[in-house]
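[1] Build me a model from this:
(4 chains)
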Protein chains: 2
Amino acid sequence: MSPTPQERRAARHEPGAPPAKTRRGPSGGGKKPITVEAIVETAFGIVAAEGYEALTMRRLATALETGPASLYAHVVNKEDLDELLIGRLCASITLPAPSPSRWREQIIGVCDGLREQYLRYPGISRAAFAAAPSNLDTLRVSEGMLAILLAGGVPPQRAAWAIDALTLYVNAHCLEVALAARRGDADQWVIGRDEMLRRFAALPEAFPNTRAYAGELTGGSPGDRFAFTIGLMLDGLVRSAAG
Amino acid sequence: MSPTPQERRAARHEPGAPPAKTRRGPSGGGKKPITVEAIVETAFGIVAAEGYEALTMRRLATALETGPASLYAHVVNKEDLDELLIGRLCASITLPAPSPSRWREQIIGVCDGLREQYLRYPGISRAAFAAAPSNLDTLRVSEGMLAILLAGGVPPQRAAWAIDALTLYVNAHCLEVALAARRGDADQWVIGRDEMLRRFAALPEAFPNTRAYAGELTGGSPGDRFAFTIGLMLDGLVRSAAG
DNA sequence: TGAACAATACGAACAGCGTTCTTATGAGAT
DNA sequence: ATCTCATAAGAACGCTGTTCGTATTGTTCA
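    Numbers count the residues shown, from 1 in each chain, chains lettered A, B, ... in the order given. Sure thing, here's the model as predicted:
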């Protein structure tokens, strides 16, 4: 019985992982064998260079100097590949040992780390939306965040839901940033703040507040807005949480 | 010069809109003419019945008893269609007259309304992510939210960024709910709370908090979590805002 | 009334996508 | 030296968004 990719997938997170026997195949000694590791690595390279939308099975196969069909011996489908990417990305996040007095900055640090990784691979947060929440690597991150919040004295129920809210917002924010950047590069639609301000100023009378506060609406870097929203949630979290 | 769809698109939000002259075409008196209105209506029907992923140009054309090419005389491309859908969806949101004492429930009402509309058309929030923020219909909603927050005494800069955070979260939440529902129907992966709890309980020792608080992590309906997060943000908003 | 026009509708096709079927290859085991 | 069989890969299927060229039609002008 040859192990199907499904079985590979299921056994991928097993403890006693055999060290990749690097077995045979046609053009075996040719260049480098196609492994899951090589696939994931190359996929990250494509996403980093050209964005997540450029990551197609064909493009990936071409980068590995092979055909699309060859990938399906190592990966169940594209959804499986996406999960591998998200898992590996989450695995690169370093989690601090919970410090009760520093829980706020620690949570912010984890969110900043996630944001940094997501933005390194533009658009990949789209895959994070569909990733199953039972993935061990993503669970590891939420476990770390939960530990920090609990150490900070946040009640368990609020902590649990806050983690959901935070990760969801991080994903959404990074997806929006990536989409905005893509529009900027591709369509030459790079409407800067000036153009945005001009448009808001030229709005009909039905938009008095938008016109009056165009500066506030268009101001701030994505990073500023990100920090603001994370802070907003954490502020709300302590409002009625037992310190 | 025949007006290209781009020109149509540009002129679509003009004040003096000629009342759709319902002009000619082959099979002119056949059944009903293909109009932008009919396209949008049919598209909403498909999304409501089969989800956003089922909304393809071909599927839409078939529903209108025509070929895919015929659509491109009324719509620039699928991105344009998406923007039309999001715009129309936002146009259906009713905005209350700002009441300074009731700003909190009013903002919650708008968010609930958005959520309700998004969930009526599962997965359509995916299109909302890519929709240009300069769309008049979406701007109308944010104008209304801004008016409510300002009336509530929230400082302009915080109000502006909070609107961004709120709408982004609403989109992300609805997208996740739609994706989860899709998995449930399609893959028979309907892992209920029981199964989720069992999996969390069977986790390795490296996940002590996840195991201990599996109930809190898996508990609550999507609606509960939505209300919690919106409340979280609003709580954070008033923490240092001048009442 | 008849001809020219302009706008729409639409069949056919293109390039690209994820995925699968089928076959050939060649390294390890016998 | 032969056999086994997992890997690799070619070819194809059905699907997507989009475009080209053409046919059809109601209107308008001579």
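
[2] Let me know the secondary structure of the residue of chain A most remote from its centre.
    In chain A, the greatest distance from the average C-alpha position (CA atoms, centre = their mean) is reached by residue A:205, at 40.1 Å. Using DSSP: H, G, I helix; E, B strand; the rest coil, the structure places residue A:205 in coil.

[3] Next up, phi/psi of it, please.
    Backbone torsions for residue A:205, taken as degrees, to the nearest 10, come to phi -70, psi -20.

[4] mind checking how far stretch A:157-164 is from the chain centre?
    19 Å (CA atoms, centre = their mean, to the nearest Å).

[5] That one and chain B, any residue contact?
    Yes. Contact of stretch A:157-164 with chain B (CB under 8 Å from any CB of the partner chain) involves A:157, A:158, A:159, A:160, A:161, A:162, A:163, A:164. No exception for glycine: its C-beta is placed from N, CA and C like everyone else's.

[6] Can you name the residues that contact the fourth one?
    Right, residue A:160. Residue A:160 is in contact with A:146, B:213, B:216, B:217, B:219, counting by CB atoms under 8 Å, 6 or more residues apart in numbering or on different chains.

[7] With adjacent residues omitted, what lies nearest to it?
    With sequence-adjacent residues excluded and distances taken as CB to CB, 6 or more residues apart in numbering or on different chains, residue A:160 is closest to residue B:216, at 4.0 Å.

[8] where does chain A have low pLDDT?
    Counting by pLDDT under 70, chain A shows low-confidence ranges at A:1-32, A:184-191, A:240-243.

[9] tell me the angle the lengthiest helix in it makes with helix B:156-187.
    Secondary structure assigned by DSSP state H gives helix A:156-187 as the longest helix of chain A. Relative orientation of helix A:156-187 versus helix B:156-187 (axes from the mean of the first three to the mean of the last three CA atoms, to 10 degrees): 90 degrees.

[10] next structured bit after helix A:156-187?
    The first helix or strand that comes after helix A:156-187 along the chain, using DSSP states H and E, is helix A:193-201.

[11] Check which helices and strands the helix or strand following that following helix sits against.
    Following helix A:193-201 in sequence order, the next helix or strand is helix A:208-212 (DSSP H and E). Helix A:208-212 sits against helix A:193-201, helix B:136-151, with contacts defined as 3 or more CB pairs under 8 Å, 6 or more residues apart in numbering or on different chains; DSSP states H and E.

[12] I would like the residues contacting helix A:208-212, please.
    A:200, A:201, A:203, A:217, B:139, B:142, B:143, B:146, B:147, B:150.

[13] Next, work out how far apart the fifth one and residue B:152 are.
    The gap separating residue B:139 from residue B:152 is 20 Å, by CB to CB, to the nearest Å.

[14] cool, the third one as well?
    As judged by CB to CB, residue A:203 and residue B:152 stand 22 Å apart.

[15] Compare neighbour counts for the two and give me the winner.
    The neighbour count for residue A:203 versus residue B:152, taken as other CB atoms under 10 Å in any protein chain shown, is higher for residue B:152 (22 against 16).

[16] hmm, back to that, select only the buried ones of the residues of stretch A:157-164 next to chain B in ChimeraX?
    Here is the ChimeraX command that selects the buried residues among the residues of stretch A:157-164 next to chain B (16 or more other CB atoms under 10 Å in any protein chain shown):
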select /A:158,159,160,161,162,163,164
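
[17] how's chain A carved up into domains?
    As recorded under automatic domain parsing, the domains making up chain A are A:5-76, A:94-242.

[18] quick one on the thing from earlier: and the next helix or strand past the host helix or strand of the residue nearest to residue A:160?
    Per DSSP H and E, residue B:216 falls inside helix B:214-218. Sequence-wise, the next helix or strand downstream of helix B:214-218 (DSSP H and E) is helix B:222-239.

[19] okay, the angle between that next one and helix A:222-239?
    Counting by the same axes, to 10 degrees, helix B:222-239 lies at 100 degrees to helix A:222-239.

[20] List the contacts of stretch A:143-150.
    Contacts for stretch A:143-150 (CB under 8 Å, 6+ apart): A:93, A:95-96, A:98, A:103, A:106-107, A:110, A:156, A:159-160, A:162-163, A:166-167, A:237, B:206-210, B:213, B:217.

[21] mind saving the C-alpha coords of that stretch as PDB?
    Extracted in PDB, the C-alpha atoms of stretch A:143-150 (Å, rounded to 0.1, in the frame of the first residue of the first chain):
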ATOM      1  CA  GLU A 143      -2.600  28.900  23.400                       C
ATOM      2  CA  GLY A 144       0.200  31.300  24.000                       C
ATOM      3  CA  MET A 145      -2.200  34.300  23.700                       C
ATOM      4  CA  LEU A 146      -4.600  32.700  26.100                       C
ATOM      5  CA  ALA A 147      -1.800  32.100  28.600                       C
ATOM      6  CA  ILE A 148      -0.900  35.800  28.400                       C
ATOM      7  CA  LEU A 149      -4.400  37.000  28.900                       C
ATOM      8  CA  LEU A 150      -5.100  34.700  31.800                       C
END
